[in-house]
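J.: A predicted structure for the sequence below; I have some questions about it.
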Amino acid sequence: MKADTDEALALLRQMLRIRRFEEACAALYGAGKIRGFLHLYIGQEAVAAGAMPALRADDSVLATYREHGHALARGVPMPVLMAEMFGRREGCSRGRGGSMHVFDAERRFFGGSAIVGGALPLAVGFALAERYNGSDRIVACFFGEGAVAEGVFHESMNLAALWKLPVLFLCENNLYAMGTALDRSESDTDLCEKARSYRVPAVSVDGMDVLAVREAIRSAAAQARSGAGPQFAELRTYRFRAHSMFDPELYRSKDEVAHWKERCPIAALERRLRAAAALDDARFEEIEQAVGREVAEAVAFAEAGTLEPVGDLTRDVYARAAGEAP
Amino acid sequence: MIATFRDALRDGLRDALRADPRVFLMGEDVGRYGGSYAVSKGLLDEFGEARIRDTPLSEAAFVGAGIGAALNGLRPIVEIMTVNFSLLALDQIVNNAATWRHMSGGQVNVPVVIRMSTGAGRQLAAQHSHSLEVWYAHVPGLRVVAPATLEDARGMLRAALADPDPVVIFEHAQLLNVQGELPQTPSQVDIDHAAVRRPGRDVSLITYAGSLPKCLEAAQVLEADGIEAEVLDLRTLRPLDVGAITASVSRTRRALVVDEGWKTCSLAAEVMAGIVERCFYDLDAPPARVCSAEVPLPYAKHLEDAALPQVPRIVSAVKELLGHA
């Protein structure tokens, strides 16, 4: 029970880290410190926080352009993530990627693909390499329900199933592909059915319940690791904020957003922990304080970051310059 | 030994598969069928299904999977039947293979090799015949190579696999049956430099892949008229060997670029622009080019022939350049 409580508190803390980090990002965007596209994960934290503990350090994670939460949950240090937002050389991608392209090869976090569905076949290839080498590592690929409309989703599901590759297809269904509701873009809105049509085991999970996510993904990961082939999970969730910073949200009602906010994954876990007497005001405040300090330190690190010299503009386009030996 | 270009490609594949257990081949019909152009015939028997992998007709997925496998430590060779089909995987090649290194701040590299056939001449009409090499040559992060000789057909693959970056290899289908002498022991070839295939002092014919034999034939015709044409095989289309182009044109003072791509925004256009930028004051005549006619390639033989660069067009273009028209 103590271990359960500790784990649940860790999940609470993880979700709070993501939430507070992103709230800071939104403010810094307003202040002009962060530019480009900024896609906030607020509301969906239970998915990344709940899924990531099912993975080992030597597994691989691929995600989308809404990947700050996944990066933090995977262990990408907050300071280098914030420095990336600032476009600084100290950023995890040396300021070359920004919000949408967070990479941390050391933690096997291959985050930021900003072409919808574009990382799905890469995940299949990552898993092919694991199987080719006879390892028991798995590959987790996070994507949104909008990707299901892409042809490459179907090609990738088929290929992974055909070759029995250890991929976790983790579909975060937040109901809107940018502004287009699922039922306005899919003839069949049952996402699990699509996976099952490729004989991929599929499960639909309450993505606002971090403990449910943890259980479901733990089980799917064990299946994939044991050689049962790819697994699909639909994580039913909701994005509380706009699609990006340029979104007047004409496509959904304030009532709908308010309704989902009542199901806030952080508040829900907080209530459960309080009800189980595992959390009180003092403990909660302690967590908030620690997270607040971490965010402040990350912002300070990013502020103090340096700019890549323009003379290095074309570095890292090729690993080998023409004329050099490989 | 006497071999065909196809044999040389197959030798290159076999050498690569034998040399490195991380190397595998995947694509449509590369295994049981033996390859749509019979390039990989027999390899399934020698290397087995784990390393010679038939894929579904899912270009985006299997090219993407090749990129992913390369990112995760393997050395995949992905075969796409033709450049026209590669457009279904263009997103993966341009948005992933070419970007990941830079976008990640140099944390990863993408050692994938993507081979595909290109080119016209077999009456395959408007969806199997085009030369879209320049689409790929436009993209920073990719290396683009096009063998035109047997030694390059065999050796470029090895060099491409040794390269830490994504390499796209274009194999002109009209070259597959070309016969020639292939040394028993593979020589080391690089994928950085152009090669002078025939020296000459009067004009530089700058070309690559399927147009090389046409240029060499044109050079012979011109020789009979006392014109010494130099033939430069670009070999690598990105990055271009600017030094070799400049050296040749500065010497001959005249340049004709022969490129099976369409003229507008062609590789020939890029080569000519480079010549104008670097050799303008050495030139005795404006650079010229022979490209394909601006038409989706037609089926009928006489129309297809008329659309493509041909030896008589190359010869007359050279004579025009020299004021012999």
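T.: Alright, I've got the coordinates.

J.: longest helix in chain A, please.
T.: Secondary structure of chain A read by DSSP state H shows that its longest helix is helix A:2-30.

J.: buried residues, that helix. List them.
T.: For helix A:2-30, the neighbour count (16 or more other CB atoms under 10 Å in any protein chain shown) marks A:8-9, A:11-22, A:24-26, A:28-29 as buried. Where C-beta positions appear, they are placed from N, C-alpha and C, glycine not excepted.

J.: low-confidence regions, the stretch 51-200 of chain A specifically.
T.: Scanning the stretch 51-200 of chain A for pLDDT under 70 picks out no residues.

J.: now B:Glu46, what's its secondary structure?
T.: helix (DSSP: H, G, I helix; E, B strand; the rest coil).

J.: quick revisit: with just CA atoms, put the next helix-or-strand element following the longest helix of chain A into CSV.
T.: Once the chain leaves helix A:2-30, the next helix or strand it forms, by DSSP states H and E, is helix A:45-51. Provided in CSV are the C-alpha atoms of helix A:45-51 (Å, rounded to 0.1, in the frame of the first residue of the first chain):
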residue,chain,number,x,y,z
GLU,A,45,-1.0,14.9,-18.6
ALA,A,46,-2.3,11.6,-17.3
VAL,A,47,-1.4,9.9,-20.6
ALA,A,48,2.3,10.6,-20.7
ALA,A,49,2.7,10.4,-17.0
GLY,A,50,0.8,7.2,-16.7
ALA,A,51,2.3,5.4,-19.7
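
J.: now do helix A:45-51: everything it contacts.
T.: A:11, A:14-15, A:18-19, A:41, A:69-70, A:72-73, A:140, A:142, A:168, A:170, A:172, A:207-214, A:217, A:235, A:237, A:265-266, A:269 (CB atoms under 8 Å, 6 or more residues apart in numbering or on different chains).

J.: same question for stretch B:260-276.
T.: Identification of contacts with stretch B:260-276 by CB under 8 Å, 6+ apart yields B:119-120, B:130-134, B:137, B:172, B:206, B:208-211, B:234, B:237, B:240, B:242, B:245-246, B:249, B:255, B:257-259, B:283, B:287, B:289, B:291-294, B:308-309.

J.: residue of the stretch 201-325 of chain B with the smallest distance to chain A?
T.: Proximity of the stretch 201-325 of chain B to chain A (CB to the nearest CB) peaks at B:Pro239, 5.0 Å away.

J.: which SS state does the residue lying closest to A:Gly179 once chain neighbours are set aside fall under?
T.: Excluding its sequence neighbours, the residue lying closest to A:Gly179 (CB to CB, 6 or more residues apart in numbering or on different chains) is A:Tyr251, at 3.9 Å. At A:Tyr251 the chain is in coil, as set by three-state DSSP.

J.: how many neighbours does A:Tyr251 have?
T.: Using other CB atoms under 10 Å in any protein chain shown, A:Tyr251 has 13 neighbouring residues.

J.: dump the residue contacts of it.
T.: A:176, A:179-181.

J.: repeat for B:Leu308
T.: Neighbour list for B:Leu308: B:120-121, B:260, B:292-293, B:297 [criterion: CB under 8 Å, 6+ apart].

J.: ok, B:Met26 next?
T.: Applying CB under 8 Å, 6+ apart, we find B:Met26 in contact with B:52-55, B:62, B:65-66, B:76-79.

J.: from those residues, which is closest to A:Gly95?
T.: B:Gly66 (28.8 Å; CB to CB).

J.: sorry, back to before: most surrounded residue in the contacts of B:Leu308?
T.: Counting neighbours by other CB under 10 Å, the top entry in these is B:Glu260, with 30 neighbours.

J.: for it, grab phi and psi.
T.: Per-residue torsions, B:Glu260: phi -70, psi -10 (degrees, to the nearest 10).

J.: local confidence estimate at it?
T.: If you check B:Glu260, the pLDDT there is 98.

J.: how far away is it from B:Arg289?
T.: 11 Å (CB to CB, to the nearest Å).

J.: so A:Leu250 sits against A:Thr180, correct?
T.: No. The criterion here is CB atoms under 8 Å, and A:Leu250 misses it with A:Thr180 at 11.7 Å.

J.: the two - which one has more neighbours?
T.: More crowded of A:Leu250 and A:Thr180, by other CB under 10 Å: A:Thr180, with 14 against 6.

J.: need the contact list for the more buried one.
T.: By CB under 8 Å, 6+ apart, the contact list for A:Thr180 reads A:146, A:251.

J.: quick check: beta-bridge partners of it?
T.: Beta bridges link A:Thr180 to A:Ala177 when assigned by DSSP bridges.

J.: and for B:Thr185, the neighbour number?
T.: Neighbour tally, B:Thr185, other CB under 10 Å: 4.

J.: swap that for A:Ala275, sorry
T.: Neighbours around A:Ala275, by other CB under 10 Å: 9.

J.: middle-most residue in chain A, spatially?
T.: By CA atoms, centre = their mean, chain A has its centre lying nearest to A:His70, at 3.2 Å.

J.: chain B too?
T.: Nearest to the mean C-alpha position of chain B, by CA atoms, centre = their mean, lies B:Ala146 at 2.0 Å.

J.: in contact with that one, which residues?
T.: B:118, B:133, B:169-172, B:208-209, B:234-237.

J.: same thing but at 10 Å, please
T.: By CB atoms under 10 Å, 6 or more residues apart in numbering or on different chains, B:Ala146 lies in contact with B:118-119, B:131, B:133, B:137, B:152, B:156, B:168-172, B:175, B:207-212, B:233-237, B:267.

J.: mind listing what the closest residue to A:Met245 other than its chain neighbours touches?
T.: Distances taken as CB to CB, 6+ apart place A:Leu38 nearest to A:Met245, at 5.1 Å, with adjacent residues excluded. If a contact means CB under 10 Å, 6+ apart, then A:Leu38 has A:22, A:25-26, A:28-29, A:65-66, A:68, A:85, A:98-100, A:241-242, A:244-246 as its contacts.

J.: who does B:Gly180 bridge with?
T.: B:Ala3.

J.: contact partners for it?
T.: Counted by CB under 10 Å, 6+ apart, B:Gly180 has contacts B:1-5, B:7-8, B:149-151, B:153.

J.: stretch A:66-84 near chain B anywhere?
T.: Yes. Stretch A:66-84 lies within reach of chain B by CB under 10 Å from any CB of the partner chain, at A:Glu84.

J.: end to end, how far does that stretch reach?
T.: For stretch A:66-84, the first-to-last residue distance is 14 Å (CA to CA, to the nearest Å).

J.: got it, and stretch B:216-232?
T.: Start-to-end, stretch B:216-232 (CA to CA) is 10 Å.
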